[in-house]
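just the structure for this:
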Amino acid sequence: MSDLLTYEREYWPLYSNIAGIDEVGRGCLFGDVVAAAVILPEGLILEGVNDSKKLSPKKRDLLYDMIMEHALAVGVGLVDSEMIDRINIKQAARLAMKQAVEQLKITPDFLIIDAEKVDVKIPQLSVIKGDANSQSIAAASIVAKVTRDRLCEGEWDALYPEYGIAIHKGYATKLHREQILAFGATPMHRKSFLTNLFLQEQTLF
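Next up is the predicted model:
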């Protein structure tokens, strides 16, 4: 396993509060894109923390609790489907990341971000596959994923029970596409994504 503190160790002598930042939900047809920013104590190793996509939901929930317990600060940003349609998903993900940084109760001195730039005046490093190479980014990916999944399984599923949001979390599964065709799009569906999706579907037949 790779050392997930390589980047942190390099920058800790220069910056005391390093925030890892990641987002989830970029590829969904439904719901907000969610970002998290997490500042962990210097030198802390959280056993099991890894890219959230590689972890089971149960493991993510356990690690989420551990991160919330040990983190010096955690911030979360959400950008809804209307804004995603207006400014595009890349800009929306960046906006969610900026919000997450602004929600931190401690102002970070340095940001380590998963393959992105954040529009704040704080020194930062963009790391490709950051959630698999930095503990801080991996922690942020877990917080963002658990936050979004809980919205999908709770509030959002209750709002639109016939769409199966709790099951597919808003991604373009067969069930989800069928429900959109049957019931139409909700106000929380990303219209800009649906246009492409159903154009592709029509060209298949």
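
who's in contact with residue 30?
By Cβ atoms under 8 Å, 6 or more residues apart in numbering, the contact set of residue 30 is 81, 156, 163, 165, 170, 176, 186, 188, 189, 190. In this view, the C-beta of every residue, glycine as well, is placed from N, C-alpha and C.

let's see that with 10 Å instead.
By Cβ atoms under 10 Å, 6 or more residues apart in numbering, the residues touching residue 30 are 81, 152, 156, 160, 163, 165, 168-172, 176, 179-180, 185-186, 188-190, 193-194.

any idea what it is bridged to?
residue 189 (DSSP bridges).

for ChimeraX, write the selection for the buried entries among the contacts of residue 30.
Of the contacts of residue 30, the buried ones go into a single ChimeraX selection, burial set by 16 or more other Cβ atoms under 10 Å:
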select :81,152,156,160,163,165,168,169,170,172,176,179,180,185,186,188,189,190,193,194
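
from the contacts of residue 30, which land in strands?
Among the contacts of residue 30, DSSP state E puts none in strands.

my read: residue 27 touches residue 172, true?
Yes: taking contacts as Cβ atoms under 10 Å, residue 27 lies within contact range of residue 172: 7.7 Å.

pull up the overlap in contacts between those two.
Shared contacts of residue 27 and residue 172, defined by Cβ under 10 Å, 6+ apart, comprise residue 193.

the contacts of residue 30 in helices, which ones?
81, 165, 168, 176, 179, 180, 193, 194 (DSSP state H).

can you redo the residues you listed as TSV with pLDDT?
Shown next, in TSV, are the ones in helices among the contacts of residue 30 (pLDDT from 0 to 100):
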residue	pLDDT
81	97
165	98
168	97
176	95
179	94
180	94
193	92
194	91
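
rebuild the residues you listed as CSV, extending it with distance to residue 70.
As requested, the ones in helices among the contacts of residue 30 are exported to CSV (distance: Cβ to Cβ, whole Å):
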residue, distance to residue 70
81, 33
165, 31
168, 32
176, 36
179, 40
180, 40
193, 36
194, 40
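
list just the nearest of those to residue 3.
residue 168 (34.7 Å; Cβ to Cβ).

wait, what's in contact with the closest one?
Residue 168 makes contact with 28, 29, 30, 152, 174, 175, 176, 177, 179, according to Cβ under 10 Å, 6+ apart.

then residue 69?
Residue 69 neighbours (Cβ under 10 Å, 6+ apart): residue 46.
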